[in-house]
Structures are given as structure tokens and as C-alpha cells.
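S.K.: Fold the following for me, if possible:
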Amino acid sequence: MPASARTSPAAADWTAVPELTVTDRAAVEVLWHPAKRVHLKPFIGRSAGLAEAAQALGVKKTAMSYWIGRLLEVGLIRHSGIDRSTRHKVPRYRCVADRLRVRLVDAPLSSHEGVFDDVDARWHPQARQALARSLAKQAPHLDLVVEARGPGGVTTELQPRGAPPADDFIYFWGRLWLTAPERDALRGELDALWNRYAALSDESAKRHAMLVHLVAVPESGRQGPPSSAAWR
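M.R.: Model prediction:
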């Protein structure tokens with residue numbers, strides 16, 4: 001789409017689509033980088049003017065003006081009308097779709113580890129706060145144990161003092177050595193566990209919110225004796 005068509009007020013007679021798969025390389029590059037993608041936030045699912053978008057993101061108008069131009073250039077937003085409620089006619093913009101999809105294979109990241117860093121940025125702060133509160137509740141029953149493990153290694157883990165208390169939280173890292181069928185069975189059981197409780201989840205009717213994070217992934221190339229798992 002020509003840049004002139006994206007920026008002209010005459011092009012404002014359009015409707016954002018519910019979902020769009022983005023394939024343009026310049027637009028994909030913006031979407032895959034959190035520091036760039038954040039500038040799209042004020043325009044997803046709604047329209048906004050320059051000052052409104054700048055305030056929502058806590059950035060200067062000059063910086064927001066640059067990013068509006070950039071988002072128009074790559075076709076991620078379009079002119080959506082003019083705000084005539086103020087003394088000046090203020091152009092408003094909206095994302096071309098309410099949901100954007102980008103194929104993972106198109107990610108311009110040097111490492112796919114960045115994908116998980118981006119996802120964790122949403123949940124990690126909430127999980128740490130919740131874990132800290134739960135840990136404080138169970139503090140009278142727990143010890144922090146520091147010990148040597150392996151050649152020159154030192155590990156730390158939480159261990160119960162006496163009989164383990166009832167779990168207020170589960171925070172568990174461990175390494176399991178399994179056959180291929182056992183590995184597949186573990187993955188299948190974790191999937192089934194999530195699906196079972198996801199089906200029971202009802203935000204409008206149930207008051208106990210639980211943060212759940214499941215990780216089970218092959219550790220390629222790892223060899224050696226099994227290691228013990230941390231207390232949960």
C-alpha cells in the first residue's frame with residue numbers, strides 16, 4: 001500500500017479487520033521487537049491521536065510523531081478520522097487489525113530465546129510477587145540450604161523443616177532422565193492437566209486466581225548421572 005494512501009484523510013473510510021497475518025518484512029521487524037512494538041499499543045482495538053498516544057506510553061510527542069510515521073510507513077496503522085472536538089483538527093489513527101499474527105519462522109531475532117524473554121516480561125513480575133507472598137506465609141517451616149554439588153559447584157534450594165507444610169505454592173526445577181515413551185507420556189499428562197483445569201476456569205464466577213507455568217522441554221545433548229530435584 002502506498003504511503004500516500006495510508007496518510008491521506010481521504011483514506012479514512014475503512015474498517016479494521018478482526019485478524020491479519022503480517023508478512024511484510026518491515027512490519028514484521030517492528031512487531032518482533034518489544035521496544036518497537038510497544039508504540040502500536042495505543043492503536044490496537046481503538047483509535048488515538050498523537051497526544052493521546054504519547055500520554056498513554058509516557059513518551060514525548062516528538063518521539064510519538066516519529067513512530068506514528070513509522071507505523072504508517074510499514075502499514076500497521078492507518079488514518080481513521082479527524083477529531084474536531086478541539087480547536088485544532090487532530091488526526092486519529094488505528095491499527096489495521098484488532099489482532100496481528102506473525103509467523104515464528106519470520107522472526108528476525110538472532111536467537112529464538114528472545115521470544116521467551118518477551119513472553120516472560122508479561123508474567124514474571126506478577127509471578128515473583130505472588131511467590132514472595134506465598135514464601136512469606138510458609139517461612140516458619142522452611143530453610144534455605146546451601147551446599148556443594150558436583151566439582152566446584154554450589155547449589156541453593158528450599159527444604160522443609162520437619163514435616164513439609166501444605167503447599168501454598170509450587171516452584172519446581174528438576175532434571176528427569178526418561179525413555180522416549182516416558183518423555184512423551186509426561187508431556188501428554190501435563191497437557192491434559194492444563195486442559196482439565198482450563199475448562200474449569202471461570203473469571204466471572206470464581207474468586208481464586210492461580211498463576212500456572214508449565215515447562216517440559218528436551219535438554220538436547222545433556223548426558224550424565226541424574227541430579228536431585230529441588231523441593232517445591
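S.K.: Would you map the helices across this structure?
M.R.: Shown for the chain, the helices assigned by DSSP state H span residues 3-7, 25-31, 34-37, 50-57, 61-73, 113-138, 180-200.
S.K.: my guess is Arg101 contacts Val17, does it?
M.R.: No - the criterion here is C-beta atoms under 8 Å, and Arg101 misses it with Val17 at 11.5 Å. The way it works is simple: take the backbone N, C-alpha and C, and place the C-beta from them, glycine included.
S.K.: now the helices of the chain as CSV including mean pLDDT and mean neighbour count?
M.R.: Putting these into CSV (pLDDT from 0 to 100; neighbours: other C-beta atoms under 10 Å) gives the following:
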stretch, mean pLDDT, mean neighbour count
helix 3-7, 40, 14
helix 25-31, 91, 17
helix 34-37, 88, 12
helix 50-57, 95, 17
helix 61-73, 97, 16
helix 113-138, 84, 12
helix 180-200, 95, 11
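S.K.: Out of the ones you listed, the one nearest Leu211 is which?
M.R.: helix 113-138 (5.3 Å; C-beta to C-beta).
S.K.: so how far is that closest one from its chain's centroid?
M.R.: 11 Å (C-alpha atoms, centre = their mean, to the nearest Å).
S.K.: Likewise for stretch 145-163?
M.R.: 32 Å.
S.K.: what does stretch 50-58 give?
M.R.: The answer for stretch 50-58 is 22 Å, by C-alpha atoms, centre = their mean.
S.K.: just stretch 206-219 next, same as before
M.R.: Worked out by C-alpha atoms, centre = their mean, stretch 206-219 lies 14 Å from the chain centre.
S.K.: Now it: buried residues?
M.R.: Judged by neighbour count (16 or more other C-beta atoms under 10 Å), stretch 206-219 contains no buried residues.
S.K.: Other residues contacting it?
M.R.: With contacts defined as C-beta atoms under 8 Å, 6 or more residues apart in numbering, stretch 206-219 is touched by Trp123, Gln126, Ala127, Ala130, Arg175, Arg183, Leu186, Arg187, Leu190, Leu193, Trp194, Tyr197.
S.K.: What's the end-to-end length of that stretch?
M.R.: 37 Å (C-alpha to C-alpha, to the nearest Å).
S.K.: From the centroid of the chain, which residue is nearest?
M.R.: Most central in the chain under C-alpha atoms, centre = their mean is Val119, positioned 2.6 Å from the mean C-alpha point.
S.K.: Leaving out chain neighbours, which residue sits closest to His112?
M.R.: Among residues not flanking His112 along the chain, Leu104 sits closest, at 7.7 Å (C-beta to C-beta, 6 or more residues apart in numbering).
S.K.: Pretty sure the one you found sits against Val115.
M.R.: Yes - contact criterion C-beta under 8 Å: Leu104 and Val115 qualify, at 7.3 Å.
S.K.: How about the contacts made by the nearest residue to Arg101 once chain neighbours are set aside?
M.R.: Leaving aside its sequence neighbours, Arg101 sits nearest to Thr21 (C-beta to C-beta, 6+ apart; 4.6 Å). Listed by C-beta under 8 Å, 6+ apart, the contact set of Thr21 reads Leu100, Arg101, Val102, Arg103.
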